[in-house]
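**Q** Okay, sequence plus prediction incoming.
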Amino acid sequence: MTQLPLPIVRLLPKAKPQVIRHGFPWAFANELVMDRRTKGLSHGGLVVLEDAERKPLGLGAINPKAKIAVRMLDSDPEAQIDEAWFTARLTRALAHRAALYDAPFYRLVHAEADGLPGVIIDRFGEVAVVQPNAAWAERLFDPLVAALVAVTGVTTVIKNGTGRARALEGLDEELSVVTGAAPERPLLVPMNGATYLADVMGGQKTGLFYDQRPNHAFAAGLAKGGRMLDLFSHVGGFSLAALAAGAESALAVDGSAAALELARGGADASGLGDRLETRQGDAFEVLEALGKAKERFDVVVCDPPAFAPSKTTLDKGLRAYERVARLAAPLVRQGGYLVLCSCSHAADLKQFRDASARGIGKGGRRGPLIYTGFAGPDHPLLPQLAEGGYLKALAFHL
């Protein structure tokens, strides 16, 4: 909880305090006066951030060893970060999702855009999975969970403290059930007319990717009556939605046997099991094999993991996106559709679109771009934080 007076952290004269006053949620280490006192502040502790003229900018949380040294929590430097504060933020987040969806299956908190920097909460009915990916959220995890239970009424809260983001904050990995009991089996999640299986204790991230929901729906509409190839399918995100929308068949390809088992389980739970085929293997190798076999599909979807997770990997990642497009384009029948996705923060929309177009051309195909999609509205984008626009989906009519 907040204890006053809080330590004061100050921006350097070269920093631009107006960006924070206008809503940018971070102050980087190279923008701060990093004297011995600041470097010695408690990991994840609360501070008041001031500009170089000693005017307060708001209340934040500091991590002196991280590149993002201060995450802004409140414009009021005297705010009390307690259960009531969390309750107010979660109540607002819940009201937004309740306006969007008629069932409690969605991303409830999307970090900075929902006023909880570094915090991800996905809801699966009575189960919530929390990712406290910032040091301050780790320190204040108990009041966060108490408010979450009070606001939503969930009976099980799972802490998923794994992933690259926590490592950057200097946090240990941890996966535990903090309220209620661990689900004994994958959870059933209704979405886009299908039923998905989410393994919230052993799957990727929180167990399911809600962000692609609108893009699943768009691609599903293209696949009615046709054949879909769903590459990097995970638990069948695109293929199950397509089958539910009337696709004749779908082939889901992924390197994970566990993910494909969940895809098959979801198809069976949706009454679609007889129209889903799965294939485990390296997606690039499968693409090449299908090309040699001259297979053709009405819709081909490629939704790979982040090939460019950082600026240092951008060039390599863009080449990988180009390669995917080059290998996938020949598999689309004349008049069919190619859907290409990127979840790379470092690759912006233009860079991804250009790499995709180059790959399509090198694959011997041509066609206009008919759709550009992003993450769903339960993944709001803070306009001051361009890094939040990570997900891109492009559909080409070949």
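**A** That came through, no problem.
**Q** C-terminal to the lengthiest helix in the chain, what's the next element?
**A** The longest helix of the chain (DSSP state H) is helix 83-100. Counting by DSSP states H and E, the next helix or strand C-terminal to helix 83-100 is strand 105-110.
**Q** so who does residue 375 touch?
**A** Applying Cβ atoms under 8 Å, 6 or more residues apart in numbering to residue 375 gives the contacts 211-212, 381, 389-391. In this view, the C-beta of every residue, glycine as well, is placed from N, C-alpha and C.
**Q** May I ask you to confirm that residue 200 belongs to a helix?
**A** No - counting by DSSP: H, G, I helix; E, B strand; the rest coil, residue 200 is located in no helix; its state is coil.
**Q** give me the low-pLDDT residue ranges for the stretch 101-250 of the chain?
**A** Residues of the stretch 101-250 of the chain meeting the criterion pLDDT under 70: none.
**Q** can you give me the helices in it?
**A** Remark: helices assigned in the stretch 101-250 of the chain by DSSP state H, counting those that start in this stretch are 135-139, 141-152, 164-168, 213-222, 237-244.
**Q** for those helices, which one sits closest to residue 39?
**A** helix 135-139 (14.5 Å; Cβ to Cβ).
**Q** Kindly check the end-to-end length of stretch 368-379 for me.
**A** Using Cα to Cα, to the nearest Å, one end of stretch 368-379 lies 28 Å from the other.
**Q** cool, and stretch 124-143?
**A** Stretch 124-143 has its terminal residues 21 Å apart, counting by Cα to Cα.
**Q** what's the neighbour count on the closest residue to residue 317 other than its chain neighbours?
**A** Excluding its sequence neighbours, the residue lying closest to residue 317 (Cβ to Cβ, 6 or more residues apart in numbering) is residue 308, at 2.6 Å. The number of residues packed near residue 308 is 25, by other Cβ atoms under 10 Å.
**Q** Next one: residue 308 from residue 159, what distance?
**A** 29 Å (Cβ to Cβ, to the nearest Å).
**Q** now residue 129
**A** For residue 129, the distance to residue 159 - Cβ to Cβ - is 8 Å.
**Q** Name the residue in these two with the higher neighbour count.
**A** residue 129 (26 against 19).
**Q** Show me what that one is bridged to.
**A** Assessed by DSSP bridges, residue 129 has beta-bridge partners residue 122, residue 158.
**Q** Could you list which residues are in contact with it?
**A** 121-123, 157-158, 160, 200, 206-207.
**Q** among those residues, which ones are buried?
**A** 121-123, 157-158, 160, 200, 206-207 (16 or more other Cβ atoms under 10 Å).
**Q** same question for the strand ranked longest in the chain, mean pLDDT?
**A** For the chain, the longest strand by residue count, based on DSSP state E, is strand 332-342. Mean per-residue pLDDT for strand 332-342: 98.
**Q** What strands flank it, and is each parallel or antiparallel?
**A** Counting by DSSP bridges, the strands paired with strand 332-342 are strand 297-302 (parallel), strand 392-397 (antiparallel).
**Q** hey, C-alpha coordinates of that strand in PDB?
**A** Extracted C-alpha coordinates of strand 332-342, given in PDB (Å, rounded to 0.1, in the frame of the first residue of the first chain):
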ATOM      1  CA  VAL A 332      -4.000 -20.900 -52.700                       C
ATOM      2  CA  ARG A 333      -6.300 -21.900 -55.500                       C
ATOM      3  CA  GLN A 334      -7.100 -19.200 -58.200                       C
ATOM      4  CA  GLY A 335      -9.600 -16.800 -56.600                       C
ATOM      5  CA  GLY A 336      -8.800 -18.000 -53.100                       C
ATOM      6  CA  TYR A 337      -7.400 -16.100 -50.100                       C
ATOM      7  CA  LEU A 338      -4.200 -15.900 -48.200                       C
ATOM      8  CA  VAL A 339      -4.300 -14.700 -44.600                       C
ATOM      9  CA  LEU A 340      -0.900 -13.700 -43.100                       C
ATOM     10  CA  CYS A 341      -0.400 -12.700 -39.500                       C
ATOM     11  CA  SER A 342       2.300 -11.200 -37.400                       C
END
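**Q** Only alpha carbons, please: show whichever strand or helix holds residue 261 as PDB.
**A** Taking DSSP H and E as the criterion, residue 261 maps to helix 257-269. Written as PDB, here are the backbone C-alpha positions of helix 257-269 (Å, rounded to 0.1, in the frame of the first residue of the first chain):
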ATOM      1  CA  ALA A 257       1.400 -32.300 -30.300                       C
ATOM      2  CA  ALA A 258      -0.300 -31.000 -27.200                       C
ATOM      3  CA  ALA A 259      -1.800 -28.000 -29.100                       C
ATOM      4  CA  LEU A 260      -3.100 -30.300 -31.800                       C
ATOM      5  CA  GLU A 261      -4.700 -32.600 -29.300                       C
ATOM      6  CA  LEU A 262      -6.500 -29.500 -27.900                       C
ATOM      7  CA  ALA A 263      -7.600 -28.600 -31.400                       C
ATOM      8  CA  ARG A 264      -9.000 -32.000 -32.000                       C
ATOM      9  CA  GLY A 265     -10.800 -31.900 -28.600                       C
ATOM     10  CA  GLY A 266     -12.300 -28.500 -29.500                       C
ATOM     11  CA  ALA A 267     -13.500 -29.900 -32.900                       C
ATOM     12  CA  ASP A 268     -15.100 -32.800 -31.100                       C
ATOM     13  CA  ALA A 269     -16.700 -30.600 -28.500                       C
END
